[in-house]
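>>> I need the structure of the sequence given here:
(one chain, ligands or ions: 3)
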Amino acid sequence: MSLLIKNGRLLTETGEISQIEIYIENGTVLEIGNELNRAAAETIDAAGMLIAPGLVDLHVHLREPGGEKKETIETGTKAAARGGFTTVAAMPNTRPVPDSAEQLNKLQERIAETAAVRVLPYASITVRELGKDLTDFEALKEAGAFAFTDDGVGIQAAGMMLEAMKQAAKVDMAIVAHCEDNTLINKGSLHEGKKSAELGINGIPSVCEAVHIARDVLLAEQAGCHYHVCHISTKESVRAVRDAKRHGIRVTAEVTPHHLLLNEDDIPGHDTNYKMNPPLRAREDQQALIEGLLDGTIDFIATDHAPHTSEEKAEGLELAPFGIVGLETAFPLLYTGLVEKGVITLKQLIDFLTIKPAEAFSLPYGRLEEGSPADLVLIDITHEEKIDPSKFLSKGKNTPFAGWSCKGWPVLTIAEGKIVWSKGSVTA
Ligand SMILES: NC(=O)N[C@@H](CC(=O)O)C(=O)O
Ligand SMILES: [Zn+2]
Ligand SMILES: [Zn+2]
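Ligands and ions are numbered 1, 2, ... in the order given. Modelled structure (predicted):
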C-alpha cells in the first residue's frame, strides 16, 4: 500500500513553512522532498493544508473494559483520529484494572481488534489501584505496559510511592502520578477559591496537589526513576517541578488544554462540564502554567480526555463525576486560544503535542522524517468552525467548549500509512 501526499506545507525546524511531497509505503515515510516522481496507489492533494506529525496524547481515558457506556477503545480512538492524534496512552482506571500480565494481554487484544490509532496501555502501580499492594512491574513491562500510573487517585503513602519508584527504576519505566492527597480534598468539587465560595460548594485546595509533587520529587531523587506529573494545575506545583528540574531530578510534567485556557472565573455557575480533576484553578495558576510551559518546566500538553455519560453529568456539581473530553477539540482550541493570540508559536504548539511527549518517554513517534512511522495529520489552519459536541465521534459530549469558534481543524489523519479519518473534502 503506497500513498503520495502532494502540495502540503510542512513546518521546518526554524518554524518556516516549506512546500513538500511525502511518499509513504507499508506504513513508513520513505521519502520527503520536492517532485518525488513516485507513482503511488493513492494520491492526496494537500493544497493549502499544514502537515504535522501525528499528534501524541499520553493521557487519555478510553474506559474499556468496564466503562463502555462512557467510551470504548473503538470510539475513543476514532475521536483521537478526528482530533489528529495517532498515538494515545490509555489510562488504567478501568474495570478490571490492567494490573496483571493477564489483564494487560486481554487489553492488548481488544486494542489490536478495535483501535483506529496506536494505543499505548498504562498498567497500574497498585493492584486494582487500591494503593495497598504493588503490581508486578517486570511482568507488566514484559506484557507491553507503557508506564505505571494509578491515575484517578493519588498514591497516599510515601513509603508505597518510594517502593514503586524503586521498582520502576529497576525496570527502567516511568511512574506517572495523579497528585492528590486524600486528606486535603475537603470533599471538594471545584478549586477552593473565589468560585467555590460564590457557589457555596466545597473546594479542593491547591496544596492538595502540590504537596504530593513536593514529596514525590524527593522520592524520585532517591529512587532514581523517571517521575512524571499528570495534569499539573497550580502555581505551587509548577514551582516544585521547576525547582526539582534545577536540581537535576528526572521529572517531567504535562498540562491540559483546559487548564491552559480556562480558570475558575470562566465557570458560569452550576455547570458540570466545568467539573474536572484537578479543578480549574485561579487566574494566577493559569498564568503560571503558561509560563511553565514556555520556560520548559512543563514538558508537553496532554488532554486527559475523560468521557462520561450525559446522565452522570446531569447529577449536579457535587455528585457528577470529574472529567471532560478533549481529543476532538485540543488542537483547534490551542491553536485559536494560544497561537492566534501570540502566546506560543505554531511550531511550539505542534512540538508540545508531538516531539515533546515522545522525547519525555523516549518514544519513536511524533516526528515526520524519512524512515519514521507514517503518522501524520493535515490541518486546515484558516477554516473557522464552532465546536459542536453532537459531531463528536467520542461517546462523551462533556465539554465546556461547546460553541467556541475555532480555527486549526484537522481534516485528514494518517496512522501507520492508513487514512484513519478524513473530513471528506481532501482525498483525491
Ligand atoms: N480527570 C478527571 O477529571 N477524571 C478522570 C480521572 C483523572 O484523570 O484523574 C476520569 O477518569 O474521569
Ligand atoms: Zn488524574
Ligand atoms: Zn486522567
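>>> List the residues that contact the residue most central in space within the chain.
In the chain, the residue lying closest to the centroid (C-alpha atoms, centre = their mean) is A302, at 2.5 Å. Neighbouring residues of A302 by C-beta atoms under 8 Å, 6 or more residues apart in numbering: 57-60, 230-231, 254-256, 357. (Each C-beta comes from the backbone N, C-alpha and C, glycine too.)
>>> likewise I20?
8-10, 32-34, 51.
>>> Give the burial count for E35, as a bare number.
7 (other C-beta atoms under 10 Å).
>>> Bridge partners for the closest residue to it other than its chain neighbours, pull those for me.
Once flanking residues are discounted, E35 sits nearest to E21: 6.9 Å by C-beta to C-beta, 6 or more residues apart in numbering. Beta-bridge partners recorded for E21 (DSSP bridges): G33.
>>> ok, now how distant is E21 from ligand 3?
Using C-beta to the ion, to the nearest Å, E21 is found at 39 Å from ligand 3.
>>> What is the neighbour count of that residue?
E21, neighbours per other C-beta under 10 Å, totals 20.
>>> what element comes up after the strand or helix carrying Q222 heading to the C-terminus?
Element membership for Q222, per DSSP states H and E: helix 207-223. Sequence order places strand 226-229 as the next helix or strand after helix 207-223, per DSSP H and E.
>>> From the contact counts, what lies against that following strand?
strand 174-177, helix 207-223, strand 251-255 (3 or more C-beta pairs under 8 Å, 6 or more residues apart in numbering; DSSP states H and E).
>>> TSV please, covering these and showing mean neighbour count, distance to F137 and mean pLDDT.
Shown next, in TSV, are these (neighbours: other C-beta atoms under 10 Å; distance: least, C-beta to C-beta, whole Å; pLDDT from 0 to 100):
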stretch	mean neighbour count	distance to F137	mean pLDDT
strand 174-177	26	10	99
helix 207-223	21	12	98
strand 251-255	26	19	99
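>>> hang on, the earlier thing: need the contacts of A302 in TSV with distance to V171, can you?
Putting those into TSV (distance: C-beta to C-beta, whole Å) gives the following:
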residue	distance to V171
D57	24
L58	18
H59	21
V60	23
C230	20
H231	25
E254	22
V255	27
T256	28
P357	21
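>>> And the furthest pair within those?
Using C-beta to C-beta, these reach their maximum pairwise distance at V60 and V255, which is 15.0 Å.
>>> thinking again about what came up before, give me every residue that touches the residue nearest to E35.
4-8, 31-36, 38.
>>> Pull out the buried residues from those.
Buried members of those, counted by 16 or more other C-beta atoms under 10 Å: 4-6, 8, 32, 36, 38.
>>> End to end on stretch 121-134, go ahead and measure it.
18 Å (C-alpha to C-alpha, to the nearest Å).
>>> wait, does that stretch make contact with ligand 3?
No - taking C-beta under 5 Å from the ion as the criterion, stretch 121-134 and ligand 3 are apart, separated by no less than 9.9 Å.
>>> secondary structure element for P332?
Here P332 is assigned to helix 330-334, by DSSP H and E.
>>> what's the next secondary structure element after that helix?
helix 346-352.
>>> next structured bit after that next one?
Counting by DSSP H and E, what follows helix 346-352 is helix 355-360.
>>> Using CSV, write down the CA coordinates of that next one.
The C-alpha trace of helix 355-360 is given here as CSV (Å, rounded to 0.1, in the frame of the first residue of the first chain):
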residue,chain,number,x,y,z
ILE,A,355,8.0,15.5,19.7
LYS,A,356,7.9,16.7,23.3
PRO,A,357,5.8,13.9,24.8
ALA,A,358,7.7,11.5,22.6
GLU,A,359,11.0,12.6,23.9
ALA,A,360,9.8,12.7,27.5
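>>> ok, and what's touching it?
53, 56-58, 228, 252, 254, 299-302, 363-367.
>>> Of those, which qualify as buried by neighbour count?
Using 16+ other C-beta under 10 Å, the buried ones in the contacts of helix 355-360 are 53, 56-58, 228, 252, 254, 299-302, 363, 365-367.
>>> So which of those are in strands?
53, 56-58, 228, 252, 254, 300-301 (DSSP state E).
>>> What is the most widely separated pair among those?
Going by C-beta to C-beta, the pair spanning these furthest: P53 and H228, at 20.9 Å.
>>> List of residues touching the helix or strand containing A169?
Per DSSP H and E: A169 is located in helix 158-170. Helix 158-170 has contacts (C-beta under 8 Å, 6+ apart) with 125-126, 131, 134, 137-138, 148, 155, 174-175, 177, 215-216, 219-220, 222-227.
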